[in-house]
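Asker: Could you look at this predicted model? Sequence included:
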Amino acid sequence: MRSARVERKTKESHVVVELELDGTGEINVDTGVPFFDHMLSQLGKHSGFNLTVKTTGDVAVDSHHSVEDTSLAFGQALREALGDKVGIRRFGDAMVPLDEVLVQAAVDLSGRPYLVHRQPEIVELIGTFDTTLAKHIWESIVAEAHIALHVRVLEGRNAHHVLEAQFKCVARALRDAVALDGVSGVPSTKGVL
């Protein structure tokens, strides 16, 4: 089974992430940040991963530390669950609409962290969630997962839709990239990813 359990403990948060790549989209997420829970649920459901997340953090300060540390732990879990990456597709891409929003995402499970993120100006808060964290979520996942990720919001104005469509789109791209396609060895002429 391609799975991982990551525990991350700091003075600001305690995070446990359990990830199973070959799952059925079973999700159990509680970060103490309701909107982020909603986004992580999209990521788990639409990737087909089984995802359990439990975060306890200093949300009385704000949600930044809990969101960041959870994202870092998810990225590490993704890297560990992929193991040696033998037989994976490696590349995945998707285009996802959500009402007025259209998002394009592409991922390369390359072993090299790189992020390109483009989204329009949106309101700074969805309820109490700081929307400026969106790019930081992807930066944190990419840094620990060691993947290249491009996310572009091609159309959109509603902040909730803009963020939700990104999570759904990245999920679909990851679903393709982690899929086993029967090719022998690691999908790289270097022999490693």
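Answerer: Perfect, thanks for sending it.
Asker: what about the spatially closest residue to Thr128 that is not a sequence neighbour, neighbour count?
Answerer: Spatial nearest neighbour of Thr128, chain neighbours left out: Ser63 (7.3 Å); criterion: Cβ to Cβ, 6 or more residues apart in numbering. C-beta: built from backbone N, CA, C; applies to glycine. Neighbourhood size, Ser63 [other Cβ atoms under 10 Å]: 22.
Asker: Now do Ser63 against Glu20, distance only.
Answerer: Applying Cβ to Cβ, to the nearest Å, the value for Ser63 to Glu20 is 26 Å.
Asker: just Leu149 next, same as before
Answerer: Taking Cβ to Cβ, one finds Leu149 at 21 Å from Glu20.
Asker: Just list the residues touching the closest residue to Ser41 other than its chain neighbours, thanks.
Answerer: Nearest residue to Ser41 in three dimensions, chain neighbours excluded: Ile27, at 4.9 Å (Cβ to Cβ, 6+ apart). By Cβ atoms under 8 Å, 6 or more residues apart in numbering, the contact set of Ile27 is 40-41, 44-45, 50-52.
Asker: now, which of the residues you listed lie within strands?
Answerer: 50-52 (DSSP state E).
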